[in-house]
Each structure stands twice: as structure tokens, then as C-alpha cells.
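Asks: okay, sequence plus prediction incoming.
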Amino acid sequence: MTAPPELPTDLRYTSEHEWVRREGAAAVVGITAFAQAELGDVVYLELPAVGARVVAGTRLGEIESVKTVSEVFAPVSGEVIAVNEALSDHPELVNSDPYGDGWMVRVQLADAGELEALLDAAAYAALLPEA
């Protein structure tokens, strides 16, 4: 199975619907288009502070939408080196551009090998319900 056209093939994914883009020794993290569509209109995000240490598979933050509150999990371990400050005033960026301006945090990777354990686009697409 190939990835749907709206699913970037240069990213890695989790079964909890987070995505990761490697940028050198760091990784940018966000949630997938599927996740934001399931959540509905995002109204608030709770994200870790710069300098926080995160561990793969543990709680990274929280997203509040008009429908529900959902946890975001860290797909990789390391230190948070940047937080998307634009999301505090414009949380809707998660809905309008989940793979671009809607990114959440940038993490200095503790173990780049963790990326290999994540799903590629085709494997992630196979988890999604049929349209």
C-alpha cells in the first residue's frame, strides 16, 4: 500500500498519530492530518517548555479541541530546543497546516536510532481507516 497523497513520505509516524521530521541532530514533531481532523477545531495546546526532557512514548503535551482533550506523545527522546510559540495565539494552525506551520516542538535527539522504530508513510497509512 502506498501513502495517500496528502501524507508526506519524508516523515516518520507513530501509531498515536504524531509525525517526526529529522533536521540534522534534531527532530520536529507535530500531529498528523488524520489526528487533527478527528479532533476537530483545535482551540488550545499545552506543550513542554524549552529545556524539558522528553522520553519516547511518554506524554509530550495536550491538545484541546471543540470536541475533546487529547494527549500528545513524544515519538522520540531528547531535550526540547524549540516550541512553536505561534500556536499559543493561533492553535488553528494545527488544523490548517499540520505538517508545516502547525508543528509543535523541536527536540534535540538523544538517540537518532529511535527514528528507525517509527512507521514510514506507507505503514502509517495502513493503520488509517479506509476513506
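Replies: Cool, got the structure. Residues are numbered from 1 along each chain as shown.

Asks: part of a strand, is residue 80?
Replies: Yes. Under DSSP: H, G, I helix; E, B strand; the rest coil, residue 80 falls within a strand.

Asks: which strand residues bridge it?
Replies: Taking DSSP bridges as the rule, residue 80 bridges to residue 107.

Asks: sec struct for residue 6, please.
Replies: Judged by three-state DSSP, the three-state class of residue 6 is coil.

Asks: separation between it and residue 48?
Replies: As for residue 6, its distance to residue 48 is 28 Å (criterion: Cβ to Cβ, to the nearest Å). To be clear about C-beta, it is placed using only N, CA and C from the backbone, and glycine gets the same treatment.

Asks: looking at the two, which is more packed in?
Replies: residue 48 (19 against 10; other Cβ atoms under 10 Å).

Asks: ok, which stretches of this protein are helices?
Replies: 33-39, 86-89, 93-96, 121-127 (DSSP state H).

Asks: the third one packs against which elements?
Replies: Think helix 93-96. With contacts taken as 3 or more Cβ pairs under 8 Å, 6 or more residues apart in numbering; DSSP states H and E, helix 93-96 sits against strand 42-46, helix 86-89.

Asks: remind me which residues of this structure are low pLDDT?
Replies: Filtered on pLDDT under 70, the chain yields the residue ranges 1-5, 131.

Asks: for the residue positioned nearest the centre of the chain, which non-adjacent residue is closest in space?
Replies: In the chain, the centroid-proximal residue (Cα atoms, centre = their mean) is residue 30; its distance is 2.2 Å. Counting by Cβ to Cβ, 6 or more residues apart in numbering, residue 30 lies nearest to residue 103, which is 4.5 Å off, once chain neighbours are set aside.
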